[in-house]
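> okay, here's the prediction I keep looking at, along with the sequence it came from:
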Amino acid sequence: MINIVGISGSLRKGSYNSALLRSAVALMPVRAELRVASIRDIGLYDGDVEATEGVPAPVAALKDTVAAADGLLLVTPEYNNSIPGVFKNAIDWMSRPPADIPRVFGGRPAALIGASPGAFGTILSQNAWLPVLRTLGMRMWSEGRLMVSRAPSVFAADGTLADAKIEDALRKFLEGFIGFVESTRREQ
């Protein structure tokens, strides 16, 4: 069984990205499992806190969860044409201390998806993530993209996916990503 960890980069209760992640859990291929992890309890990165107290428990737990997974699915909002600060902050904390980067991120397959109320989906946020993930040594799956635009029309009031075309696109995206994860496992 392929084990994927998915993280939504939004803290908002009614987040379209969290709804997209929940939809992905339901649409995973049968040979894979998607576990949702949260960044909610991760405070702002502070080098003084790291120096005096070490890595906070919520960060350490998330690092261990990602390190144990076969792949990572980042579900990113787009704020001001870029990466949401709260999401980048969580990844920054997870890269501490630098000696842990290979264990947590190094060579791990990763994919990006996102939803936005705007017309362009999350293309700028997804593009902004690429150098970050490359710096961390992740293996980006670049064969498919999923950028959900006009998200209010795609999700029902209860947060479920209500657009058959987006559902089909998400299912195909997940199938492709799982195939990529499987191929990277064979290479090891």
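Here it is on my side, so go on.
> count of neighbours near Arg35?
Look at Arg35: counted by other Cβ atoms under 10 Å, it has 14 neighbours. Every C-beta, even on glycine, is put in place using the N, C-alpha and C of the backbone.
> contacts only, for it.
Contacts were defined as Cβ atoms under 8 Å, 6 or more residues apart in numbering; by that measure Arg35 touches 3-6, 65, 69.
> give me the element the residue of the chain positioned farthest from its centre is part of.
Ranking residues of the chain by C-alpha distance from their mean position (Cα atoms, centre = their mean) puts Thr52 at the top, at 29.4 Å. Counting by DSSP states H and E, the element that carries Thr52 is helix 47-53.
> quick one: buried residues of the following helix or strand past that helix?
Past helix 47-53, heading to the C-terminal end, the next element that is a helix or strand (DSSP H and E) is helix 57-68. Of the residues in helix 57-68, those scored as buried under the neighbour-count criterion (16 or more other Cβ atoms under 10 Å) are 58-59, 62-63, 65-67.
> so what's the residue lying closest to Ala68 once chain neighbours are set aside up against?
For Ala68, the nearest residue in space outside its immediate sequence neighbours is Asn3; the separation is 7.2 Å by Cβ to Cβ, 6 or more residues apart in numbering. Asn3 makes contacts with 32-33, 35, 68-71, as judged by Cβ under 8 Å, 6+ apart.
> on that earlier part again, contacting residues around the helix holding Thr52?
Residues lying outside helix 47-53 but in contact with it, judged by Cβ under 8 Å, 6+ apart, are 43, 56, 96-97.
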